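>>> I'll drop the sequence and a predicted model, then ask my questions.
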Amino acid sequence: MLTATLLALSLTVSSPALTDPHKKDIAMRLVSSAENSSLDWKAQYGYIEDIKDERGYTAGIIGFCSGTGDMLELVELYTERKPDNVLAKYLPALRKVNGTDSHKGLEPNFPKDWKTAAKDPVFQQAQNDERDRVYFNPAVTQAQKDGLRALGQFVYYDAMVMHGPGNDKLSFGGIRKAALGKAKPPAQGGNEVTYLNAFLDARKTAMKAEDAHEDTTRVDTMQRVFLKNGNLDLNPPLTWKVYGDSYTIKK
């Protein structure tokens, strides 16, 4: 007889994880529908704006922010790989504005130069690598440890993208802790649907605590829809809405 942990692991092994190239592309399109109102996530390398969430500029394929350190780390990686890049001159300013919403030292040309850099395959790959290192890989790894299949792995990843890694109540770790206080994940013998509902409830609470994230439709009309349909493997076709816009992934 399988233990709960072995059962959870067997479920993970028997169905493709989010690391499967096609599943990963689906995850990127789902996030892009919420972050950029488009399924074309590869068109977002050059995206940049201040969305007034006290994180400074938000840019790139998963919303690297000038105020939270991940944009700084991205430009540092890009500069390590290509020292003469167009963004290297902003490193001193990015270090100074880290932790604030300030644009000091970045205006007026940083957005224009970001868009120029975004045409460079080296910068595109740097964005991919930092997305995976900081957000995707940690989220999927934790989800697999919790015995979650592809949908749960995506739920963790989307939360990690919006709220960031960390253990305070508004970060991914705090949201997971709140969920664990309500339900057990499959790896601990719990029901996967029950646990994911608890996680999404905790996620909504965290979202509503921040003005910039208080619209919870990416949970209500995307992730909760997949969960209610029992699509724990995140298999297409997928149909959902985000902020009133409808999307479909056919295959």
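Nice, I can see it. Numbers count the residues shown, from 1 in each chain.

>>> alpha carbons only for contacts and neighbour counts from here, please
Noted.

>>> distance check, residue 181 against residue 174.
11 Å (Cα to Cα, to the nearest Å).

>>> ok, those two, which is more surrounded?
Shown here are residue 181 and residue 174; by other Cα atoms under 10 Å, residue 174 has more neighbours (19 against 11).

>>> and that one, what does it touch?
Residue 174 is in contact with 166-168, counting by Cα atoms under 8 Å, 6 or more residues apart in numbering.

>>> and the residues you listed, which is closest to residue 215?
residue 168 (20.7 Å; Cα to Cα).

>>> next, count neighbours for that closest one.
Residues lying near residue 168 (other Cα under 10 Å) number 11.

>>> that one: what secondary structure?
coil (DSSP: H, G, I helix; E, B strand; the rest coil).

>>> spatially nearest residue to it (excluding sequence neighbours)?
Nearest residue to residue 168, sequence neighbours excluded (Cα to Cα, 6 or more residues apart in numbering): residue 174, at 5.1 Å.

>>> how far is the host helix or strand of that neighbour from where the chain is centred?
Using DSSP states H and E, residue 174 sits in helix 172-180. Distance, stretch centre to chain centre, for helix 172-180: 16 Å (Cα atoms, centre = their mean, to the nearest Å).

>>> only the buried residues of the helix or strand that comes right after that helix, if you could.
Later in the chain than helix 172-180, the nearest helix or strand by DSSP H and E is helix 192-208. Within helix 192-208, the residues that count as buried by 16 or more other Cα atoms under 10 Å are 192-193, 195-207.

>>> any idea which helix or strand comes after helix 192-208?
Following helix 192-208 in sequence order, the next helix or strand is helix 217-218 (DSSP H and E).

>>> avg pLDDT for that following helix?
Averaged across helix 217-218, the pLDDT comes to 95.

>>> same question, stretch 61-79
On average, stretch 61-79 scores 96.

>>> which residues touch that stretch?
31-32, 35, 41-42, 44-45, 47, 54-59, 85, 87-88, 91, 94-95, 97-102, 122-123, 126-128, 130-131, 161.

>>> of those residues, keep whichever come out buried.
Buried residues within the contacts of stretch 61-79, counting neighbours by 16+ other Cα under 10 Å: 31-32, 35, 41, 44-45, 47, 54-59, 85, 87-88, 91, 94, 97-99, 101-102, 122-123, 126-128, 130-131, 161.

>>> and those, which of them are in strands?
58-59 (DSSP state E).

>>> narrow the buried ones among the contacts of stretch 61-79 to those in helices?
31-32, 35, 91, 94, 97, 122-123, 126-128, 130-131, 161 (DSSP state H).
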